[in-house]
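>>> structure, please.
(one chain, ligands or ions: 1)
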Amino acid sequence: MNVAVIHGSPRKAGSSDTLARWFLDGLNSRGVHRVTEFFANEMSVRPCQGCEACNDPAHPGCSIHDDMDAVYEAVRRANLVVWAIPMYWGYMTAQTKILVDRMEAIASRSVFRGKTFVVILTYRHHYESTLAFFKRVFVDYFGVNLHTLTFRSVDATSGQDIHVRTRPDVLESALNLGRSLAAELGSL
Ligand SMILES: Cc1cc2nc3c(=O)[nH]c(=O)nc-3n(C[C@H](O)[C@H](O)[C@H](O)COP(=O)(O)O)c2cc1C
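A predicted model of the protein is given here:
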């Protein structure tokens, strides 16, 4: 299947990146998939300018042309979109939010309905606001099928930050989700 992965953390190989990697390993262990990965922190994507040009049916698409062009193409083509996002100040990272705002240019039920989203959320205290966004907008409105994987990156006893690599059970869940979605959604 066609897969688009959006890495929203500035920390390469942090917990959200690592979970996305284990998920993809599970997916790739079952069939052949075309995977396109985007690291938001390394991309040149201008924030949405609110020009509303994309809402003019005569000129569909975004008036800005930058690294987002490749995201539009990959998301349109994708059966599965993976979002790997840490929580920053109560919501998704700014890097991710810029990409989400720019999705306005392709936001329609015909683009999103029937796609599967996997949302991987890493957090210290709470993730509900970001999860609520994906449910309200992408599931309830656009008709996306949603799977979530959450990881609290704090040791419950010591209160110290931990990396997901210290939690084989969580890594295993990501691997298994990849395997089961590959079986469910099929390969190329
Ligand atoms: C600037 C900053 C703000 C953060 N804000 C929150 C927050 O509001 N809520 C929360 O639960 N965790 C917050 N965190 C913790 C991260 O979400 C957490 O460390 C996460 O596991 C990092 O994921 P990563 O390893 O993929 O980068 C914040 C971390 C940073 C650096």
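>>> separation between the nearest residue to residue 99 once chain neighbours are set aside and residue 11?
In space, and not counting its chain neighbours, residue 99 is closest to residue 40: 5.6 Å by Cβ to Cβ, 6 or more residues apart in numbering. In short, each C-beta sits where N, CA and C put it, glycine included. According to Cβ to Cβ, to the nearest Å, residue 40 and residue 11 sit 12 Å apart.
>>> okay, whatever residue of the chain ends up closest to the ligand: pLDDT?
Residue nearest to the ligand within the chain: residue 14 (2.6 Å; Cβ to the nearest ligand atom). pLDDT, residue 14: 98.
>>> could you pull out the helices for the chain?
Ranges of helices in the chain, per DSSP state H, are 15-28, 68-77, 94-102, 109-112, 128-133, 168-185.
>>> with mean neighbour count added, can I get those helices in TSV?
Shown next, in TSV, are those (neighbours: other Cβ atoms under 10 Å):
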stretch	mean neighbour count
helix 15-28	23
helix 68-77	17
helix 94-102	19
helix 109-112	14
helix 128-133	15
helix 168-185	17
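>>> out of these, which gets nearest to residue 142?
Ranking the helices of the chain by their distance to residue 142 (criterion: Cβ to Cβ) puts helix 109-112 first, at 3.8 Å.
>>> what does that closest one contact?
75, 76, 138, 141, 142, 143, 144 (Cβ atoms under 8 Å, 6 or more residues apart in numbering).
>>> and for stretch 54-69?
Here stretch 54-69 makes contact (Cβ under 8 Å, 6+ apart) with 38, 43-46, 48-49, 51, 53, 72, 99, 102, 104-106.
>>> over to stretch 158-172?
For stretch 158-172, the surrounding residues in contact (Cβ under 8 Å, 6+ apart) are 14, 15, 18, 19, 22, 122, 124, 149, 151, 153, 154, 155.
>>> same question, stretch 72-81
In contact with stretch 72-81 (Cβ under 8 Å, 6+ apart) are residues 1-6, 27, 36, 38, 61-62, 103, 105-106, 111, 115-118, 181, 185.
>>> just the buried subset of these, written out for ChimeraX, thanks.
Burial among the contacts of stretch 72-81 is assessed by 16 or more other Cβ atoms under 10 Å; the matching ChimeraX selection reads:
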select :1,2,3,4,5,6,27,36,38,62,103,105,106,115,116,117,118,181,185
